[in-house]
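**Student:** Predicted coordinates and the sequence they were generated for:
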Amino acid sequence: MPNLVKGSVPKTVTLTDVIKGGCKNMKYEKGFSLIELMLVVVVIGIIAAIAVPALQKGIRAAENGNTFATMRIAAGTQMSFYSQNGRFGRLSEINNLMSSTLGSPSGNELIRGKFVISSTPATPTDVELKNGYTITATRNISGEGVTYVYELTQSGEIRQILP
């Protein structure tokens with residue numbers, strides 16, 4: 001067994017020694033280092049960079065699905081209107097029958113969330129409405145880079161025109 005020098009043997013450290021700072025061989029640190037904080041910020045940034053676009057895509061899909069469902073209800077309302085009046089309804093007439101759930105009036109168009117709903121022609125005559133109708137829902141928000149267009153015709157078919 002090697003010879004031990006009296007001063008090289010570590011003494012027992014108690015909690016009282018640590019609190020009082022009496023133990024000079026132990027390093028007592030409080031808080032986080034700058035590198036640890038920077039790593040946390042970088043990880044949160046990476047998670048946000050992945051999560052935000054996915055969230056936006058989900059919101060866009062929900063709004064598109066909601067507009068599609070509303071147009072399906074509008075098609076049923078148009079059929080009911082035709083059976084009672086012998087012609088299809090104008091956008092304002094259908095919106096009134098649907099208790100303004102189709103959208104908020106704005107001139108000849110309706111605004112529903114981020115969609116603009118319009119009919120072709122914008123102000124159809126009764127004769128034109130005997131033959132048919134076309135209702136278009138368009139979502140064109142600057143900065144999104146994608147335009148969504150849905151079209152509803154007198155056949156009751158809803159087609160996605162764009163994208």
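**Tutor:** Done, it's in.
**Student:** What is the burial count for Gly143?
**Tutor:** 4 (other C-beta atoms under 10 Å). All C-beta spots, glycine's among them, are computed from the backbone N, C-alpha and C.
**Student:** what about it, which helix or strand?
**Tutor:** Gly143 is part of no helix or strand, with elements assigned from DSSP states H and E.
**Student:** Dihedrals phi and psi, Gly103?
**Tutor:** Main-chain torsions, Gly103, degrees, to the nearest 10: phi 160, psi 180.
**Student:** so what's it closest to, chain neighbours aside?
**Tutor:** Once flanking residues are discounted, Gly103 sits nearest to Leu110: 3.1 Å by C-beta to C-beta, 6 or more residues apart in numbering.
**Student:** quick one: least confident helix or strand in the protein?
**Tutor:** Using mean pLDDT, DSSP states H and E, helix 15-20 stands out as the lowest-scoring helix or strand of the chain, at a mean of 59.
**Student:** so how far is Ala49 from Thr120?
**Tutor:** From Thr120 across to Ala49, the span is 41 Å (C-beta to C-beta, to the nearest Å).
**Student:** could you dump stretch 98-108 to CSV, C-alpha only?
**Tutor:** Taking C-alpha atoms only, stretch 98-108 is exported to CSV below (Å, rounded to 0.1, in the frame of the first residue of the first chain):
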residue,chain,number,x,y,z
MET,A,98,-79.7,29.8,-45.2
SER,A,99,-79.9,32.5,-42.5
SER,A,100,-76.7,34.2,-43.8
THR,A,101,-74.6,31.1,-43.2
LEU,A,102,-73.3,31.3,-46.7
GLY,A,103,-71.4,34.5,-45.9
SER,A,104,-71.6,38.3,-45.3
PRO,A,105,-72.8,40.4,-48.2
SER,A,106,-70.3,42.6,-49.9
GLY,A,107,-71.8,44.0,-53.1
ASN,A,108,-72.7,41.1,-55.4
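**Student:** For that stretch, list every residue counted as buried.
**Tutor:** By neighbour count on 16 or more other C-beta atoms under 10 Å, the buried set for stretch 98-108 is 102-103.
**Student:** quick one, helices of this protein?
**Tutor:** Assigned by DSSP state H, the helices in the chain fall at 15-20, 34-85, 91-97, 126-131.
**Student:** Would you mind telling me which of those helices is nearest Arg159?
**Tutor:** The minimum distance between Arg159 and these falls on helix 34-85, with 10.2 Å, by C-beta to C-beta.
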